[in-house]
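> Provided below are the primary sequence and the corresponding predicted coordinates.
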Amino acid sequence: MIHVENASFRYGENWVFRDVNFELEPGKSAAILGPNGRGKTTLLKSIVGLLKLASGTIKIEGRIGYVAQRTDMAFAFRVLDIVVMGRAAHIGIFSTPSAKDYTKARATLDRLGIGDFAERIYTQLSGGERQLVMIARALASECEILILDEPTSALDFSNQALIIDILDKITAEDGLSVLMTTHVPQHAQRLADTVLTIEGPDSHEYGPAADILTEAKLEMLYGVPVKTLELEHQGEKAHAIVPLFI
C-alpha cells in the first residue's frame, strides 16, 4: 500500500507539484499521466526514496520493486547476474548469491518468456529486451509493490504490447500493487484501477480510471482534441483513446 498526503516538491523556488494526494491499495494498479516536465518521474523517485519531498508524507507498506525509465550499465553484465541483483534484500551485505537466488532469477526470466536471455550480455540487448530484464530484476526481489517509470517509452508497438500484456498477467497472478507513469492513456485504461493526472504544480486530479480518462479531461490535460473509439477485434470489444491532429 502507498499513501501520499499533501506531497510537495520544488527545485529552488520553482514548485514541481504541491499538495498531491493519492492512495494505491493492495492488489490494485494506478497510473500517473501528464505532459512532459510536470513531475511524474519526480513523484515516483520521491516515493521510492531517491528524492526528498519539500513537505508532505509518503507511507509505504510492502517491499518495492522499482523499474526506472532508463537503466544504463557501465559494465557488460550477464542478464542472469543483473536479475540476481534484484535479490539483494535477501542476500545480505556481506554475503554472496546462493544457488537459491540464481534459481529464483532463472525462474523469473522463464516466467517472462526470456529464459534464453540468461547468458546474454545486457548491453547488447534491444530497448524492449532491456526493459523486460529490468522488470524481471524487480520481480526477483519478491516485491509486493511494482513501480515503473514509463515502462514502454521508446518501444515499438510490438514491445509495448508485450510489456503491457506481461504487467497485466503478473498483477493478476501475483496480486501485486502496480504504480506506473505513462504518456499513453490506453495503457492506463488497460491496466489502471485509478489514475492521477498532473497538469501543473497546483493542478492535479486523482480518481477511478473511468472518471479521469474521459475525452474532456484528457483534452484539457494535453491540450489536443481526444476521441474515445469503440473497436471490435476477433469478436472482442475494446476502447482506444486517440488524439486528433487537426
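The structure has been received and is ready for your questions. Residues are numbered from 1 along each chain as shown.

> how is residue 135 assigned, secondary-structure-wise?
Put simply, residue 135 is helix when judged by DSSP: H, G, I helix; E, B strand; the rest coil.

> most centrally placed residue in the protein?
The structure's the chain has its C-alpha centroid closest to residue 148; by C-alpha atoms, centre = their mean the separation is 2.1 Å.

> what helix or strand does it sit in?
Assigned by DSSP states H and E, residue 148 belongs to strand 145-149.

> and that strand, what does it pack against?
Counting by 3 or more C-beta pairs under 8 Å, 6 or more residues apart in numbering; DSSP states H and E, the packing neighbours recorded for strand 145-149 are helix 40-48, strand 64-67, helix 127-140, helix 157-174, strand 177-181. From N, CA and C alone the C-beta is placed, and that goes for glycine too.

> what do you get if the cut-off is 7 Å, keeping everything else the same?
Applying 3 or more C-beta pairs under 7 Å, 6 or more residues apart in numbering; DSSP states H and E, one finds that strand 145-149 contacts helix 40-48, strand 64-67, strand 177-181.

> nearest to residue 73 among those would be which one?
strand 64-67 (14.3 Å; C-beta to C-beta).

> residues contacting the nearest residue to residue 150 once chain neighbours are set aside?
Of all residues not flanking residue 150 in the chain, residue 69 sits nearest, at 4.7 Å (C-beta to C-beta, 6 or more residues apart in numbering). Residue 69 makes contact with 41, 149-150, 153, according to C-beta atoms under 7 Å, 6 or more residues apart in numbering.

> and what about residue 69, helix, strand or coil?
What three-state DSSP gives for residue 69 is coil.

> just to revisit the earlier point, partner strands of the strand holding residue 148, parallel or antiparallel?
strand 64-67 (parallel), strand 177-181 (parallel) (DSSP bridges).

> other SSEs contacting the helix or strand just after the last one?
Proceeding N to C from strand 177-181, the next assigned helix or strand is helix 185-191, under DSSP H and E. On a contact count with 3+ C-beta pairs under 7 Å, 6+ apart, helix 185-191 meets strand 29-33, helix 157-174, strand 236-243.

> what residues sit buried inside helix 185-191?
For helix 185-191, a neighbour-count test (16 or more other C-beta atoms under 10 Å) marks 185-191 as buried.

> of the residues you listed, just say which sits nearest to residue 200.
Ranked by distance to residue 200 (C-beta to C-beta), those are led by residue 185 at 18.3 Å.

> quick one: the closest one from residue 112, how far?
Distance of residue 185 to residue 112, computed by C-beta to C-beta, to the nearest Å: 25 Å.

> one step back: beta partners for the residue nearest to the centre of the chain?
Per DSSP bridges, the residues bridged to residue 148 are residue 67, residue 180.

> shouldn't it be in contact with residue 70?
No. Taking contacts as C-beta atoms under 7 Å, residue 148 lies outside contact range of residue 70: 11.9 Å.

> quick one: distance of stretch 77-97 to the chain centre.
Counting by C-alpha atoms, centre = their mean, to the nearest Å, stretch 77-97 is centred 22 Å from the centre of its parent chain.

> what do you get for stretch 58-73?
On C-alpha atoms, centre = their mean, the centre of stretch 58-73 falls 8 Å from the chain's centre.
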